[in-house]
Structure formats: C-alpha cells, structure tokens
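> Quick one: sequence and predicted model below, then my questions.
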Amino acid sequence: MGGGAASAAGGAPNDALSRIEALRRELDDLEAELQQASETGELCARRSRRLRERSSQLSEYALEKVVAGDEDAARSALRIKASVRDALHNATQRASANAALASKLEAVIESKQLQLLQRIREARADVERRRGAAAGGGGAAEEGARELRRASSSGGRRRGREGGGGGGAQQGGS
C-alpha cells in the first residue's frame, strides 16, 4: 500500500513537470518563429529601400534620355521602373505582414510565458502540499520538487536571455 501512495505522490509532480516542459517547448518554437519573422521583415525592409533608390535612379535616367532625345532608352527605363515599383510594392507588403506577425507572436509569447510561470507556481505549491502531507516519507515528492526547481530555474535564465533579444528584434523591425 505504501508503495502505491509514493508512486501516486510522484506521479502528479511528473505530470506537472511534463506539462511545464511541453509549454516550454511550445515557447521555444514560438520564439524561433518570432526570430524568423523579424529577420524576414528586416530583409524585406532593406530590399524596399534598395528598390526605392533604384526607382529614383531610373526616373532620373529616363529624364536624361528624354532631354538627350533618346526616347527609346527613356521608354525602356520607364518599363524597368514599373517592374521595380511592382517589386517594391511586394517587398513592402511582405515587410508589413512580417511585422504584424511578429507583433502577434510577441503577444502570444507573453501570454504563454505567464502561463508557464503560473504552472510553475502551481506545481511548486502542489509539491509543498505533498511534502507537508508526507511528513518525511515523501522521497518522490522531494524528487519532484527538485526537478521543478531545476526546470523553472533553467527556464527563467533562458527566458531572460531570449526575452531581451525578442524585444530588440521588434524594435529593430518597427
């Protein structure tokens, strides 16, 4: 009978720990997606700037050719400029879409981080309750508490490093 109680006491912290680990993996995936969206948005924004400059250069070139009397070259430059304008529009749209995605991902990540903290607190409280109930015979509960402390402390350090970088990615993309 005593063995069943010990395994039942050890099962709940392990379930809580597995839920915490699953949430942490989900957060890691979301943070990777945020990083990708931010990088893609920044690349598109840089491409837009280059295309805008190229469009301006083509306008000047077409004007020079008109002044010089070379209408064919001017028409050719204006056709190329139209293509550049289309590419500029697409790059700008893509940059905007990635910025919006990054913003939404940041909101979801913040919510998931709060959920993770809440689950860690709940699991710690549960372990403490079990520890008090076991009154010295709770080896499994103590092991669950150690695993929980390890999971929450490594997650907190990781969140601190990555969380700071994620905010910077948004500021750079805005």
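Structure's in. What do you need? Keep in mind that what you see is a predicted model, and the values were worked out from it rather than measured. Numbers count the residues shown, from 1 in each chain.

> what packs against the longest helix that the chain contains?
If you go by DSSP state H, the chain has its longest helix at helix 2-68. In terms of contacts (3 or more C-beta pairs under 8 Å, 6 or more residues apart in numbering; DSSP states H and E), helix 2-68 is packed against helix 71-134, helix 139-173. Where you see a C-beta, it was placed from the backbone N, CA and C, and this is true even at glycine.

> So residue 112 is in contact with residue 23, correct?
Yes. When contacts are counted by C-beta atoms under 8 Å, residue 112 is listed as touching residue 23 (6.5 Å).

> Tell me where the model's unsure across the chain.
1-13, 135-145, 148, 151-174 (pLDDT under 70).

> Centre of it to the edge, which residue is at the far end?
residue 69 (54.4 Å; C-alpha atoms, centre = their mean).

> What's the separation between that one and residue 51?
Separation of residue 69 from residue 51 (C-beta to C-beta, to the nearest Å) stands at 29 Å.

> Check residue 24 too.
Separation of residue 24 from residue 51 (C-beta to C-beta) stands at 41 Å.

> which residues touch the residue lying closest to residue 40 once chain neighbours are set aside?
In this structure, residue 40 finds its nearest non-sequential neighbour in residue 98, 4.9 Å apart by C-beta to C-beta, 6 or more residues apart in numbering. Shown in contact with residue 98 (C-beta atoms under 8 Å, 6 or more residues apart in numbering): 37, 38, 40, 41, 44, 173.

> try 10 Å
Contact analysis of residue 98 by C-beta atoms under 10 Å, 6 or more residues apart in numbering lists 36, 37, 38, 39, 40, 41, 42, 43, 44, 45, 173.
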